[in-house]
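1. Fold the following, please.
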Amino acid sequence: MTEIVLETVEDVASREALLDLCLGEERRAKASERLREGRLPAEGLAFCAYGPDGRLAGTVRLWNVTAGPGRPALLLGPLAVHPWFQAHGLGGALMRTALAAAQEKGHGAVILVGDAPYYGRFGFSAQKTGELWMPGPYDRHRLLALELAESALDGARGLISPTGARIVQPSLAELAHQALAGETRRSA
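-> This next block holds a predicted model:
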């Protein structure tokens, strides 16, 4: 039995390894990645699934974006399940968990780039994405959306842009200061 929980900082390394295993290095070149770069996932909307042996079995995250000017939405992805746990419904369980949490938090819509036959069973379609576009190359027919609130994407048009919190990284000066402080402590 797997357990789905909110992602923690301790999950980052194993999540990245799982994504590399499932999606390969080319995942970093995708248009969706441009929307995630330097950002934190939406508050309370990043999930991990752990197998019975305590190893990471799956992951899914949602990110704050706009679906054109002034129209808040979430971007879903990546969704990944370790090969050992595929074909057992874990991807679907992660999707349902993420979508239910997004709806509970009052979000109106979720956008993703993915296969319509898979995501269609969760209600995603290209019906409301025809006037939206993403930064960088992507397959237009794979741009899908799901409204969590009625009419949330009515009239949505324009560039999908990131709006979530940025990752705070130390400046080079701060890193140099930390390194010098560490050298001073070691020599004392």
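
2. Stretch 23-40: which residues count as buried?
-> In terms of neighbour count (16 or more other CB atoms under 10 Å), stretch 23-40 has its buried residues at 30-32, 34-36, 39. From N, CA and C alone the C-beta is placed, and that goes for glycine too.

3. Out of the residues you listed, which sit inside strands?
-> With DSSP state E as the criterion, strands contain none of the buried residues of stretch 23-40.

4. Closest to Asp11 out of the residues you listed?
-> For the buried residues of stretch 23-40, the closest approach to Asp11 (CB to CB) belongs to Arg36, at 15.9 Å.

5. tell me which element the residue nearest to the closest one when sequence neighbours are not counted is part of?
-> With sequence-adjacent residues excluded and distances taken as CB to CB, 6 or more residues apart in numbering, Arg36 is closest to Trp63, at 5.6 Å. Assigned by DSSP states H and E, Trp63 belongs to strand 56-67.

6. Please name every helix or strand in contact with that strand.
-> helix 12-23, helix 31-36, strand 46-50, strand 72-76, strand 80-81, helix 90-104, strand 109-113, strand 158-162 (3 or more CB pairs under 8 Å, 6 or more residues apart in numbering; DSSP states H and E).

7. What pairs with the shortest one, parallel or antiparallel?
-> Translated: strand 80-81. Sheet pairing of strand 80-81 (DSSP bridges) gives strand 56-67 (antiparallel).

8. Least confident secondary structure element in the chain?
-> Using mean pLDDT, DSSP states H and E, helix 172-187 stands out as the lowest-scoring helix or strand of the chain, at a mean of 65.

9. which ones are touching Ala179?
-> By CB atoms under 8 Å, 6 or more residues apart in numbering, no residues touch Ala179.

10. got TSV for the buried residues of stretch 23-40, with distance to Cys48 and pLDDT too?
-> Shown next, in TSV, are the buried residues of stretch 23-40 (distance: CB to CB, whole Å; pLDDT from 0 to 100):
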residue	distance to Cys48	pLDDT
Lys30	21	84
Ala31	24	79
Ser32	19	85
Arg34	24	87
Leu35	21	91
Arg36	17	90
Arg39	18	92
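
11. quick revisit: can you name the residues bridging to the residue nearest to Arg36?
-> Bridge pairing for Trp63 - DSSP bridges - gives Leu75.

12. OK, contacts around it?
-> 35-36, 39, 41-42, 74-77, 162, 164.

13. re earlier: of all the helices and strands packed on strand 56-67, which one is nearest Glu147?
-> For these, the distance to Glu147 is smallest for strand 109-113, at 5.1 Å, taking CB to CB.
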